[in-house]
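Student: requesting a structural model of the entry that follows:
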Amino acid sequence: MARIARGRWTHTHEGDLTVFLIGMRINRPWRLDAWLPVFLAMPRMLRELAADPASGFLGHRLAMGPDGPLVVQYWRRPEDLYRYATDTGAGHRPAWTAFNRRARRIPGAVGIWHETYEVARAESVYVDLPTQGLAAATTPRPVTGRLDRAAARLAG
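Tutor: So this is what the prediction gives:
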């Protein structure tokens with residue numbers, strides 16, 4: 001079990017920040033051949049990215065939503081994300097090609113989606129939790145003094 005950071009924490013980060021949400025929906029659970037390879041590809045890509053500090057990947061957070069798994073990824077810039085997505089020597093390109101091939105063979109069995117946000121400012125708070133989310137992807141910082149209120153944290 002991860003160590004709990006007692007008290008209230010926020011994050012600190014200077015410079016560009018991009019948040020990338022990516023998820024999948026299993027439409028035909030009995031078609032493991034369609035969705036399991038998609039499900040298993042993401043952890044491999046996340047390990048690959050975490051091992052390469054020059055990639056621009058800052059970190060991620062996994063969640064299970066009502067429609068399926070969701071990964072919140074933190075990047076420096078969208079260009080870093082796009083560079084990884086199109087890099088023929090990285091894990092994404094072959095995973096994307098394999099997904100498209102399966103989607104043509106078994107249409108509608110699994111859906112994927114993503115959204116990309118360039119973030120001008122961000123605010124966070126974590127109370128009595130292990131370091132996670134944006135604080136884990138950037139630098140955790142205790143909530144003290146002027147950082148006590150969300151509006152103040154967002155203002156910088």
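Student: and the nearest residue to residue 126 once chain neighbours are set aside, how many neighbours does it have?
Tutor: In space, and not counting its chain neighbours, residue 126 is closest to residue 9: 4.6 Å by C-beta to C-beta, 6 or more residues apart in numbering. C-beta here means a position set from N, CA and C on the backbone, and glycine is covered the same way. Neighbourhood size, residue 9 [other C-beta atoms under 10 Å]: 20.
Student: can you pull the contacts of residue 9?
Tutor: 125, 126, 127, 129, 131, 135, 140, 141, 142, 143 (C-beta atoms under 8 Å, 6 or more residues apart in numbering).
Student: please repeat the previous calculation with a cut-off of 10 Å.
Tutor: 124-129, 131-132, 135, 140-143, 147 (C-beta atoms under 10 Å, 6 or more residues apart in numbering).
Student: also residue 13?
Tutor: Residue 13 touches 58, 74, 76, 119, 121-122, 124, 134-135, 137-139, 141, counting by C-beta under 10 Å, 6+ apart.
Student: care to break the chain down by domain?
Tutor: Following automatic domain parsing, the chain resolves into domains at 5-12+124-150, 18-118.
Student: what's the closest of the ones you listed to residue 156?
Tutor: domain 5-12+124-150 (9.6 Å; C-beta to C-beta).
Student: just the buried residues of that closest one, please?
Tutor: 5, 9-11, 124-126, 131-138, 140, 143, 147 (16 or more other C-beta atoms under 10 Å).
Student: re the thing from before, just the contacts of residue 13: which are in helices?
Tutor: Counting by DSSP state H, the part of the contacts of residue 13 found in helices is 134, 135, 137.
Student: about what we covered before: pull the most distant pair out of the contacts of residue 9.
Tutor: So for the contacts of residue 9, where distance means C-beta to C-beta, the most widely separated pair is 132 and 147, at 18.0 Å.
Student: on that earlier part again, so which of the ones in helices among the contacts of residue 13 comes closest to residue 36?
Tutor: Nearest member of the ones in helices among the contacts of residue 13 to residue 36, counting by C-beta to C-beta, is residue 137, at 27.7 Å.
Student: many thanks, have a good one.
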